[in-house]
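Asker: would you be able to build a 3D model of this:
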Amino acid sequence: MVRQDKDSVKLDIENNRKRTPLLEAMYAAHLGIVHKLIIHGANMNAVDNDGNNCLHLSIIKKGMFHSEVERIYILDKCCAKLGLPIEKRLSGVGVAGYLAHQGANLYRKNNKNVAPLDLIGDADLKEKFKELFPPPQCMLCEVNKASMELQPCAHTVLCEDCSKIQLKTCIESKRRRVVCPKCKEKAVKTVVESVECPKCKEKVESFVCPKSEEKAVKTVAESVDSVMVEEIHLHRVSQKLAGKWMELGRELGIRQNDLEIIRHDYPQSVREQGFQMLFKWHQSTDPEKRTLRILKAALKETECYDALKCLSSEFN
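Answerer: Predicted coordinates for the structure are as follows:
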């Protein structure tokens, strides 16, 4: 049984078969417990003695999952994107879509060198999974697929070539933990690059290169869209989200369990829930991705038109 107090639960404790509570719940096909463990922050990529993560266990399951205490709407959305019929909603592949959305790794190979994706027999369904959940890129070269797991943090963030570089710490762990002691925001380095025309190589600022007659920089509108969103803007936008804050949060890449925690912690005010969601996005996202363009695109995708209008007016 999982109690409401997350501090009372050792979420990732392993038994003698190296199974965490999440993996045990997967073996038992108990979706209610799986969902509750995920909400409280269970490790999505824990593996058992055979190297199987929750996706391996879900996809190979022949029966249906059971005991869904409250309807998991993100599961419905994942099944719709995968093109699965309603009767497949609680099947292994249906639940796998939900698990992958929560951060489980489709590409992590077990002791038999088999990834969860390899277990999907339907070629069309496999392609849909790959489109929805592409392999992560190497965080160093940003070209190759990240395939090497670092220890002891178990982050898969480097390709095979870059994994040969000696690192003092995992760059993903460092990215998550390093904060400025003064403002509490992530401490990151920015690189200023010179802008030049792709044909004549002359440095330009904001004009059309006379030699190639090609635009060498972004338009003024695009420049505005690259402006960083600040906390004051989050307060104003949150007042216009109404009941769509969770949908917007998912669009911005916030995990469902984090959204559920916000809803649980701030039950009295939808506006406060919306602000806390936006604040989490603002704090957990790399600075270069906290732009007006990205937030506007998410608002448009989720049809939060009042909030979109409010945000646009801030920069006019």
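
Asker: so where's the stretch 151-300 of the chain shaky on pLDDT?
Answerer: Residue ranges of the stretch 151-300 of the chain with pLDDT under 70: 151-155, 166-226.

Asker: where do the strands of it begin and end?
Answerer: Secondary structure of the stretch 151-300 of the chain by DSSP state E, counting those that start in this stretch: the strands cover 156-158.

Asker: tell me the buried residues in stretch 47-56?
Answerer: Using 16 or more other C-beta atoms under 10 Å as the test for burial, stretch 47-56 gives 47-48, 52-56. Where C-beta positions appear, they are placed from N, C-alpha and C, glycine not excepted.

Asker: meant to ask about stretch 287-303
Answerer: Residues of stretch 287-303 classed as buried: 290-292, 294-296, 298-299, 302 (neighbour count, 16+ other C-beta under 10 Å).

Asker: off-centre distance for it?
Answerer: 15 Å (C-alpha atoms, centre = their mean, to the nearest Å).

Asker: that older thread, redo the buried residues of stretch 287-303 as JSON lines? Include distance to Ile86.
Answerer: Formatted as JSON lines, those follow (distance: C-beta to C-beta, whole Å):
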{"residue": "Arg290", "distance to Ile86": "38"}
{"residue": "Thr291", "distance to Ile86": "38"}
{"residue": "Leu292", "distance to Ile86": "39"}
{"residue": "Ile294", "distance to Ile86": "33"}
{"residue": "Leu295", "distance to Ile86": "33"}
{"residue": "Lys296", "distance to Ile86": "34"}
{"residue": "Ala298", "distance to Ile86": "28"}
{"residue": "Leu299", "distance to Ile86": "30"}
{"residue": "Thr302", "distance to Ile86": "23"}
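
Asker: and the buried residues of stretch 47-56, which of them are in helices?
Answerer: The helices, defined by DSSP state H, take in 54-56 from these.

Asker: export the residues you listed as CSV, with columns for distance to Gly253 and pLDDT.
Answerer: Shown next, in CSV, are those (distance: C-beta to C-beta, whole Å; pLDDT from 0 to 100):
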residue, distance to Gly253, pLDDT
Cys54, 20, 97
Leu55, 19, 98
His56, 24, 98
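
Asker: how about JSON lines for the residues you listed, with distance to Ala29 added?
Answerer: Output for these, formatted as JSON lines (distance: C-beta to C-beta, whole Å):
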{"residue": "Cys54", "distance to Ala29": "12"}
{"residue": "Leu55", "distance to Ala29": "14"}
{"residue": "His56", "distance to Ala29": "14"}
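
Asker: show me what contacts the residue lying closest to Leu84 once chain neighbours are set aside?
Answerer: Setting aside the residues directly before and after it, Leu84 is nearest to Gly94 in space (C-beta to C-beta, 6 or more residues apart in numbering), at 5.4 Å. For Gly94, the contact set (C-beta atoms under 8 Å, 6 or more residues apart in numbering) comprises 75, 78-79, 82, 84, 88.

Asker: of all the ones in helices among the buried residues of stretch 47-56, which comes closest to Lys126?
Answerer: Leu55 (12.8 Å; C-beta to C-beta).

Asker: thought the closest one was touching Ala96?
Answerer: Yes: Leu55 lies in contact with Ala96 (C-beta atoms under 8 Å); the separation is 5.5 Å.

Asker: thinking again about what came up before, flag every buried residue along the helix or strand the residue nearest to Leu84 falls within.
Answerer: Here Gly94, judged by DSSP states H and E, is contained in helix 92-101. Applying a neighbour-count criterion of 16+ other C-beta under 10 Å, one finds 92-101 buried in helix 92-101.

Asker: and for stretch 237-244?
Answerer: When burial is assessed from 16+ other C-beta under 10 Å, stretch 237-244 yields the following buried residues: 237-238, 240-241, 244.

Asker: so how far is that stretch from its chain's centroid?
Answerer: Relative to its parent chain, stretch 237-244 has a centroid offset of 21 Å by C-alpha atoms, centre = their mean.
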